[in-house]
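Task: produce atomic coordinates for the following.
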Amino acid sequence: MEVNLVVEGMKFMLLGMTTVLLFLILMIFMMSLMSKIILKYFPEPQIVPNASAANKPGSNATQKKIAAITAAILHHKQVNS
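Numbering: from 1, shown residues only. Purely as a prediction, here's the structure:
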């Protein structure tokens, strides 16, 4: 009895790829279901940003951004010199 190894290899490849595809589809479905359940029982709080206060030149958010950018530039200069 002669066994064609190429055909057997293709069968195993098809079986393996089908198994992985089905697992990934199941995983995506379960993750989306989990997300819907979590959001139903633990909704995210709605935060309304105050646009006028955040855009002022002297606001706290702007000062924090400037400080973070300045610190990043100084760190970059220290590491590269």
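
Show me the shaky parts of this protein.
Scanning the chain for pLDDT under 70 picks out the ranges 1, 50-58.

residues near Ser59, how many?
As a burial measure, Ser59 scores 14 neighbours (other C-beta atoms under 10 Å). Every residue, glycine included, has its C-beta placed from N, CA and C.

quick one, phi/psi of Asp47?
Actually, residue 47 is Ile rather than Asp. Main-chain torsions, Ile47, degrees, to the nearest 10: phi -110, psi 120.

what about it, how many neighbours?
The burial count for Ile47: 5, using other C-beta under 10 Å.

now swap in Val48 and tell me
Residues near Val48, counting by other C-beta under 10 Å: 5.

does it sit in a helix, a strand or a coil?
Using DSSP: H, G, I helix; E, B strand; the rest coil, the three-state assignment for Val48 comes out as coil.

Kindly list the main-chain dihedrals of it?
Dihedral angles of Val48 (phi, psi; degrees, to the nearest 10) stand at phi -100, psi 110.

Check Phe42 too.
Taking degrees, to the nearest 10 as the convention, Phe42 sits at phi -130, psi 70.

Count the residues that sit near it.
Phe42 has 7 nearby residues by other C-beta under 10 Å.
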